[in-house]
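Visitor: Fold the following for me, if possible:
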Amino acid sequence: MSWLHIGLIGAIVFTLHSFQQIKMTLKDKGHHVDMMTGWLDDYRRYKKLTREETDETLRYKYQRVLNGLYLALAGLVFIPLIMILGR
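Guide: Just a heads-up that it's a prediction; the model follows:
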């Protein structure tokens, strides 16, 4: 197992963690959340919640989760691309 495989597994785990954080936050705010489906709808609601949040510290916390999700998704795209081009 190479470092790229380990990085890919890490990106998968971090993506799932970010989605879990999004779902937990939405559930705490009183939204209906289905644990295995509706990830894109949850993402849209979370992004809307981030824009509408008036408390600056909470908005930064929500934005950090979104930035982590973006970074993990970029890893899910670029690491396999590097693995394919490297062979």
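Visitor: Tell me which helix or strand the most centrally placed residue in the chain sits in.
Guide: The centroid of the chain falls nearest to Leu69 when counting by CA atoms, centre = their mean (2.8 Å). Leu69 belongs to helix 56-85 when assigned by DSSP states H and E.
Visitor: Show the contacting residues for Leu76.
Guide: Neighbour list for Leu76: Leu8, Ala11, Ile12, Thr15 [criterion: CB atoms under 8 Å, 6 or more residues apart in numbering]. C-beta: built from backbone N, CA, C; applies to glycine.
Visitor: And those residues, which of them are buried?
Guide: Leu8, Ala11, Thr15 (16 or more other CB atoms under 10 Å).
Visitor: show me the contacts for the second one.
Guide: Right, Ala11. Shown in contact with Ala11 (CB under 8 Å, 6+ apart): Ala72, Gly75, Leu76, Ile79.
Visitor: 6 Å instead?
Guide: Applying CB atoms under 6 Å, 6 or more residues apart in numbering, we find Ala11 in contact with Ala72, Gly75, Leu76.
Visitor: of those residues, closest to Gln20?
Guide: Ala72 (11.9 Å; CB to CB).
Visitor: That closest one and Phe14 touch, don't they?
Guide: Yes. Applying CB atoms under 6 Å as the test, Ala72 and Phe14 come out as touching, 4.1 Å apart.
Visitor: which residues of the protein score low on pLDDT?
Guide: Within the chain, the segments meeting pLDDT under 70 span 87.
Visitor: on that earlier part again, identify the contacts common to Ala72 and Phe14.
Guide: In contact with both Ala72 and Phe14: no residue, using CB under 6 Å, 6+ apart.
Visitor: Only the buried residues of the helix or strand harbouring Leu16, if you could.
Guide: Using DSSP H and E, Leu16 falls within helix 3-28. Residues of helix 3-28 classed as buried: Leu8, Ala11, Phe14, Thr15, Ser18, Phe19, Gln21, Ile22, Lys23, Thr25, Leu26 (neighbour count, 16+ other CB under 10 Å).
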